[in-house]
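Novice: sequence-free structure coming up:
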Ligand SMILES: Nc1ncnc2c1ncn2[C@@H]1O[C@H](COP(=O)(O)OP(=O)(O)OP(=O)(O)O)[C@@H](O)[C@H]1O
Ligand SMILES: [Mg+2]
């Protein structure tokens with residue numbers, strides 16, 4: 001589905017991601033593990049098109065997308081849930097969800113309504129909050145809203161950047177269960193996390209990013225046992 005080859009990306013201050021190659025296949029959860037500052041978010045932004053690729057290739061469903069603007073990538077089905085949720089705190093829950101469908105011009109009002117209903121069915125706590133401003137939701141509810149907003153655009157591959165960040169252990173468990181259920185409904189997932197143990201527990205494969213380079217990759221179960229991860 002998503003094939004990344006020797007990708008380089010960074011900021012005006014300098015490159016951060018160096019020659020990263022990775023793949024997300026249909027039906028997979030792929031963990032992207034790395035410490036604080038390893039470059040996980042920078043990589044996620046380059047994949048979704050928020051940051052330009054300095055060199056290297058990104059293919060999505062056999063089409064080169066490295067030169068496409070971010071909204072086009074969303075339309076194709078590559079959707080990024082950024083670190084820190086980035087919901088519109090001053091808008092209502094319902095308005096946030098509407099914005100998730102905004103990029104899909106061909107999506108009819110009826111289709112958007114069906115999708116909204118599916119999001120509320122998946123996240124029942126959001127339904128009674130539909131008219132509340134999103135800034136008043138709890139951290140866990142805001143993460144559900146951020147994922148719900150992404151689901152409005154019918155993703156084929158979801159890039160989730162630190163979905164467990166700042167959540168209580170019970171909510172972290174719920175979010176990881178949710179991610180596994182998304183995979184089971186056919187959405188492939190690139191899961192960027194500092195929490196190596198929990199993300200490898202639900203992932204099929206994983207990549208370890210250090211200083212912007214892939215240092216280790218393989219089956220999730222094998223990676224979880226590697227010394228590098230087990231001691232974290
Ligand atoms: N907007 C920016 N401008 C310049 N440098 C940045 C910017 N954002 C991040 N960086 C730098 O890029 C490097 C990688 O940061 P990045 O946020 O991608 O790491 P991360 O793995 O997502 O870390 P974390 O686990 O803390 O989210 C760091 O050295 C950081 O200082
Ligand atoms: Mg990050």
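Specialist: Perfect, thanks for sending it. Worth saying up front: this structure is predicted, and the values here are computed from it rather than measured. Ligands and ions are numbered 1, 2, ... in the order given.
Novice: Can you give the contact residues for the helix of greatest length in the chain?
Specialist: In the chain, taking DSSP state H as the definition, the longest helix is helix 169-184. Contacts with helix 169-184, where a contact means C-beta atoms under 8 Å, 6 or more residues apart in numbering, come from 27-29, 122, 139-140, 143-144, 147, 158, 160, 163-164, 167, 189, 191, 195, 198-199, 201-202. (C-beta placed from N, C-alpha, C; glycine too.)
Novice: Under the pLDDT cut-off, which ranges of the protein? List them.
Specialist: Scanning the chain for pLDDT under 70 picks out 103-107, 230-232.
Novice: So which bits of it are right by ligand 2?
Specialist: Within the chain, the positions adjacent to ligand 2 are 40, 41, 83 by C-beta under 5 Å from the ion.
Novice: ranking the residues you listed by neighbours, who comes first?
Specialist: Among those, residue 40 has the most neighbours (other C-beta atoms under 10 Å), with 24 neighbours.
Novice: just checking, that residue touches residue 32?
Specialist: Yes: the criterion here is C-beta atoms under 8 Å, and residue 40 meets it with residue 32 at 5.6 Å.
Novice: Pull out the buried residues from stretch 127-144.
Specialist: The neighbour-count check on stretch 127-144 (16 or more other C-beta atoms under 10 Å) flags 129, 134, 137, 140, 141, 142, 143, 144 as buried.
Novice: that older thread, show only the entries of the contacts of helix 169-184 found in strands.
Specialist: Within the contacts of helix 169-184, residues falling in strands by DSSP state E are 29, 158, 160, 189, 191.
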